[in-house]
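Colleague: Next input, structure requested:
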Amino acid sequence: MINIPESPFTRPEMFSPDVMIDDEKWYPLGKLGKVRPILFDVSNGGWISILKAEGQGTIQRHRHASPVTGWTLDGAWGYREYDWVARAGSFVYEPPGHIHTLYIDPEAGKMTALFHVHGPLVYLDEAGNATDYDDVFLRLDRYAKYCREVGLGDDYLQSLIR
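Modeller: Down below sits the predicted model:
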């Protein structure tokens, strides 16, 4: 019999998995759609979330400081700077420094994708100048405010923080 030593990373009581994706746990993302946070990784500066959008939405041009992965669950989307379209089942890898403008594919008119963002991003104007930024702490603060407004509570929010 193999004796595997206990590790702080393998203790089940450390984790509170959240498998329900209730409507109240989504929060609005401007006019584009809504976001459902899955995890806030404050130790490493990243986050995992589902983006769900409809219509002709666009996310401002931006650059990621670290890699991003995306898995398309429904609909279709792409980057204005490239000629490919990610459809349901597509996996996308964005290397650090990648600059793009996400849009919803007009033929589909909707998109739902799971994104794992490993670090901050910087919003850019057309000339490539930084206009704003986003990171795990800003995202966490916005979602904490939303959770308080809709009554989800701090315990729920804490279950998403690692």
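Colleague: Can you check which helix is longest in the protein?
Modeller: helix 136-150 (DSSP state H).
Colleague: counting contacts, what elements does the very next helix or strand once past that helix pack onto?
Modeller: Downstream of helix 136-150, the next assigned helix or strand under DSSP states H and E is helix 153-158. Applying 3 or more Cβ pairs under 8 Å, 6 or more residues apart in numbering; DSSP states H and E, we find helix 153-158 packed against helix 136-150. Placement of C-beta: from N, CA and C, glycine included.
Colleague: again, only this time at 10 Å
Modeller: Judged by 3 or more Cβ pairs under 10 Å, 6 or more residues apart in numbering; DSSP states H and E, helix 153-158 is in contact with strand 33-41, helix 136-150.
Colleague: what packs against the longest helix of the chain?
Modeller: So helix 136-150, by 3+ Cβ pairs under 10 Å, 6+ apart, packs with strand 27-29, strand 33-41, strand 46-54, helix 153-158.
Colleague: run the last query once more with 6 Å
Modeller: Packing contacts for helix 136-150, counted by 3 or more Cβ pairs under 6 Å, 6 or more residues apart in numbering; DSSP states H and E, involve strand 33-41.
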